[in-house]
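Chemist: Here is my input; please provide its structure:
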Amino acid sequence: MTNDVLIIGGGVIGLAIAVELKLRGAKVIVTSRDFHAAATHAAAGMLAPDAENISNQAMQDLCWRSRSIYADWTHKLEQLTGCNTGYWPCGILAPVFSEEEREIGRNISPHHPITPSSSTTYWLDKETIHQYQPSLGQEVTGGWWYPEDAQVDNRALAKALLSAAQSLGVELKEGIAVEGILQQQRQVVGVQTNAGILRAEHYVLATGAWTNQLFPLPVRPAKGQMLSVRVPEAITQLPLTRILFGQDVYIVPKRNRRIIIGATIEDVGFTPQNTPAGVQTLLQAAIRLYPQIQDYPIEELWWGFRPATPDELPILGNSPCQNLTLATGHYRNGILLAPVTATLIADLIWEQKSDPLLSHFHYSRFQNKSSTSSVMLTHPLPAFPDQGQVNSLTLKSEAFPEKSFAPNPDTPLIIAGKTFTSRLMTGTGKYRSIEEMQQSVVESGCQIVTVAVRRVQTKAPGHEGLAEALDWTKIWMLPNTAGCQTAEEAIRVARLGREMAKLLGQEDNNFVKLEVIPDPKYLLPDPIGTLQAAEQLVKEGFAVLPYINADPMLAKRLEEVGCATVMPLASPIGSGQGLKTTANIQIIIENANVPVVVDAGIGSPSEAAQAMEMGADALLINSAIALAKNPPLMARAMNMAAVAGRIAYLAGRMPIKDYASASSPVTGTITS
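Modeler: Predicted coordinates for the structure are as follows:
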């Protein structure tokens, strides 16, 4: 039983889960940028598992189960709040325009029904359907009747859920933008928001189309444009009392004389606004289906973003993090699936009870689907894949190529809400040539490269043309404040670094590696100046990655002021002395709730691997690569070491013993 749950997302799914958990006794917090701007408000409210003619059996079962409890669920909400949800078991008519469409309708349109999907579905011939629903287009030759499908007023439902959550005591945090999910050793330890870090015992990700901005799941926005018309007051009786589900349009009448017409399906990202083409397409299809709608006044135009997955099925249940549950990707059926999602997720969190249906919607179905889903460990080594590829691979043994061993359970590296698959960061200084640096960056497989702002600006030796030397569309720039001796200098240079990143096309790059180093001999960072600069830069919206001595207390203080990582040194910068601060780094790793990046002093791949085996989240290595006899080759070795160390950490090393232990068992041996 988990008492303390934080739900990220204030749409119908997030609020439904919150209400269900609260009714079971949980302490629940829900965060939302704007409860009244969720995608829920952009829907039409259809409850149409039959009309949608869902081909996936598990999805069909999930939708039918949700529809079967909808009446009781909305009744419970109405009793709790006094709000009418607009639930209406009006049924759905799906007209067709030809006998051919009756047989091949699914091939004509991905949303059009083809055959009955339940025993309570009926075919109506032309005469019957026109009698049953007068004023249909003359081209309509028949259609399917789905009497068990229904609708709800989605906006009224959202209002009822919000009211229920408030009345039950759910803590609603509006105006909160979640910027990142803080992870440590496969646990979520907090969420970074525009108002600071929020923590809970358990977390639920219910962010719809925006999911991929926080967690690496294949959820993309599918834009839908919609409009509504109003039945004129002169028409005393509602002319349409059931939903019309056509080829490329649906028409949803409401009891308040409003008629909703939807919806386009556009793969245009988060491009907002209605377009003439989109509205025209909907109106033409609607008028063909129900001609008299052309005389009704247009009331409203709007758009929304459905959370689409590659297979158009939701992502529900456990995640790679032990205390994070997923409830997203509902695509066209978010309103329909709200009650069953709330029940299944609450069962999973509150009772640790996993319904068998959940296995069909697990995130892991999207893994290992490419032809490069495994790497053979062979010799000589082929061109080594980048670290991100390795981290998502299923390793196979050369001796048993047909046998897949357990997949690597790793999660990506997330810093300030941005996801990286590589756990090795590199620098650009000390190389003998720009070309050598370019090759080394490629061989390292890194995604983050740190750049000294002052040296680039002054075109210091070795930094001429650096801005043009790397492809900044593929590499995330980490401007650093190298050369700054005071907090004031570092703050000023950090601001310049942010502008430099923008000039190179990274408009949203607010990262800065903070270095405050007044000591010219040992180059040890100033803890007081670093903390002062970090506090100010966090206030200015920077994602601060501070370079520090391996001081556990300072690391914790920097985390508390909002730094995105802590970066303790292994030994003095550029010394190549290796891990001299192991004990303190271990303490920092154990106590940190932000990524720990071991920075400075690592001189060899074995030391890099050791740091990762300790549980460091990432490494930053520059001198050991740049000053090697063959920098690109050393960069490749460091990449492999970081990967090996990380996998070893996840695998868990054997315990150390004070005595010998035979590798082969003594039972069954031959004795005299």
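Chemist: any idea how far stretch 286-306 is from the chain center?
Modeler: 33 Å (C-alpha atoms, centre = their mean, to the nearest Å).
Chemist: what's the answer for stretch 503-521, then?
Modeler: On C-alpha atoms, centre = their mean, the centre of stretch 503-521 falls 27 Å from the chain's centre.
Chemist: Give the buried residues for it.
Modeler: Neighbour counts over stretch 503-521 (16 or more other C-beta atoms under 10 Å) mark 504, 506, 509-517 as buried. Where you see a C-beta, it was placed from the backbone N, CA and C, and this is true even at glycine.
Chemist: from those, which is closest to V442?
Modeler: L504 (18.1 Å; C-beta to C-beta).
Chemist: ok, the closest one touching W472?
Modeler: Yes. Between L504 and W472 there is a contact at 4.6 Å, judged by C-beta atoms under 8 Å.
Chemist: Need the overlap of contacts for those two.
Modeler: Both L504 and W472 lack any common contact, where contact means C-beta atoms under 8 Å, 6 or more residues apart in numbering.
Chemist: May I have the distance across stretch 31-44, first residue to last?
Modeler: Stretch 31-44 has an end-to-end distance of 24 Å (C-alpha to C-alpha, to the nearest Å).
Chemist: If we go by neighbour counts, what in it is buried?
Modeler: Neighbour-count burial for stretch 31-44, counted by 16+ other C-beta under 10 Å, picks out 31-33, 35, 38-44.
Chemist: Equivalent analysis for stretch 537-547, please.
Modeler: Those buried within stretch 537-547 under the rule 16+ other C-beta under 10 Å are 537-538, 542-547.
Chemist: next one: that stretch to chain centre, how far?
Modeler: Remark: stretch 537-547 is offset 23 Å from the chain centroid, using C-alpha atoms, centre = their mean.
Chemist: with the buried residues of stretch 537-547 in mind, which one is nearest to S167?
Modeler: Closest to S167 out of the buried residues of stretch 537-547 is V538 (36.7 Å), distances taken as C-beta to C-beta.
Chemist: how about that closest one, secondary structure?
Modeler: Three-state assignment for V538 (DSSP: H, G, I helix; E, B strand; the rest coil): helix.
Chemist: Please name the nearest non-neighbouring residue to it.
Modeler: G562 (4.0 Å; C-beta to C-beta, 6 or more residues apart in numbering).
Chemist: quick one on the thing from earlier: could you identify the most distant pair in the buried residues of stretch 537-547?
Modeler: V538 and Y547 (15.5 Å).
Chemist: Show me the helices in the stretch 251-400 of the chain, by range?
Modeler: 276-289, 334-351, 387-391 (DSSP state H, counting those that start in this stretch).
Chemist: from the ones you listed, which stretch is densest packed?
Modeler: Comparing the helices of the stretch 251-400 of the chain by mean neighbour count (mean count of other C-beta atoms under 10 Å), helix 334-351 ranks first with a mean of 24.
Chemist: can you dump the C-alpha coordinates of it into CSV?
Modeler: Extracted as CSV, the C-alpha positions of helix 334-351 are listed here (Å, rounded to 0.1, in the frame of the first residue of the first chain):
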residue,chain,number,x,y,z
GLY,A,334,-9.0,8.9,-23.3
ILE,A,335,-12.6,9.9,-22.2
LEU,A,336,-13.9,6.4,-22.7
LEU,A,337,-11.0,4.7,-20.8
ALA,A,338,-10.9,7.1,-17.8
PRO,A,339,-12.9,4.9,-15.3
VAL,A,340,-11.2,1.6,-16.2
THR,A,341,-7.7,3.3,-16.2
ALA,A,342,-8.4,4.8,-12.8
THR,A,343,-9.5,1.4,-11.4
LEU,A,344,-6.6,-0.6,-12.8
ILE,A,345,-3.9,2.0,-11.8
ALA,A,346,-5.4,2.3,-8.3
ASP,A,347,-5.4,-1.4,-7.9
LEU,A,348,-1.8,-1.6,-9.0
ILE,A,349,-0.6,1.2,-6.7
TRP,A,350,-2.8,0.6,-3.7
GLU,A,351,-3.1,-3.1,-3.6
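Chemist: re earlier: and the residue nearest to V538, what's its pLDDT?
Modeler: G562 is assigned a pLDDT of 90 by the prediction.
Chemist: In strands only, show me the buried residues of stretch 503-521.
Modeler: 511-514 (DSSP state E).
Chemist: Those residues into TSV, with extra columns for pLDDT and distance to S604?
Modeler: Shown next, in TSV, are those (pLDDT from 0 to 100; distance: C-beta to C-beta, whole Å):
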residue	pLDDT	distance to S604
F511	93	28
V512	93	29
K513	93	23
L514	93	27
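Chemist: about what we covered before: export the helices of the stretch 251-400 of the chain to a markdown table and append columns for mean pLDDT.
Modeler: Formatted as a markdown table, the helices of the stretch 251-400 of the chain follow (pLDDT from 0 to 100):
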| stretch | mean pLDDT |
| --- | --- |
| helix 276-289 | 96 |
| helix 334-351 | 97 |
| helix 387-391 | 38 |
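Chemist: nearest to N56, of these?
Modeler: Short answer: helix 334-351, nearest of the helices of the stretch 251-400 of the chain by C-beta to C-beta, at 13.2 Å.
Chemist: elements contacting the closest one?
Modeler: With contacts defined as 3 or more C-beta pairs under 8 Å, 6 or more residues apart in numbering; DSSP states H and E, the packing partners of helix 334-351 are helix 12-23, strand 46-47, helix 57-81, helix 154-168, strand 202-205, strand 315-318, strand 324-328.
Chemist: Including mean pLDDT, mean neighbour count and distance to L358, could these go into TSV?
Modeler: Formatted as TSV, these follow (pLDDT from 0 to 100; neighbours: other C-beta atoms under 10 Å; distance: least, C-beta to C-beta, whole Å):
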stretch	mean pLDDT	mean neighbour count	distance to L358
helix 12-23	97	27	14
strand 46-47	96	26	21
helix 57-81	96	18	9
helix 154-168	96	21	22
strand 202-205	98	26	14
strand 315-318	97	22	4
strand 324-328	97	26	10
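Chemist: Quick one, which of these gets closest to E489.
Modeler: Within these, the stretch nearest E489 is strand 202-205; the backing value is 39.0 Å (C-beta to C-beta).
Chemist: Which of the residues in the next helix or strand after that closest one are classified as buried?
Modeler: Where DSSP states H and E defines the elements, the next helix or strand beyond strand 202-205 is strand 220-230. Within strand 220-230, the residues scored as buried using 16+ other C-beta under 10 Å are 220-229.
Chemist: before we move on, the earlier item: export the helices of the stretch 251-400 of the chain as CSV, with columns for distance to P253.
Modeler: Shown next, in CSV, are those (distance: least, C-beta to C-beta, whole Å):
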stretch, distance to P253
helix 276-289, 12
helix 334-351, 16
helix 387-391, 50
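Chemist: closest to I17 out of those?
Modeler: The nearest among those, by C-beta to C-beta, is helix 334-351 at 4.8 Å.
Chemist: Point out where the stretch 1-150 of the chain drops to low pLDDT.
Modeler: 1-2, 37-39, 100-101, 103-119 (pLDDT under 70).
Chemist: And the helices in it, which stretches?
Modeler: Under DSSP H, counting those that start in this stretch, the stretch 1-150 of the chain gives helices at 12-23, 57-81, 99-108, 126-132.
Chemist: Out of the ones you listed, flag the one nearest E266.
Modeler: E266 lies closest to helix 99-108 among these, at 19.2 Å (C-beta to C-beta).
Chemist: quick revisit: relative to A342, which of the buried residues of stretch 31-44 is nearest.
Modeler: T40 (13.5 Å).
Chemist: Identify the residues contacting the closest one.
Modeler: T40 neighbours (C-beta under 8 Å, 6+ apart): 11-12, 154-155, 157-158, 334-335.
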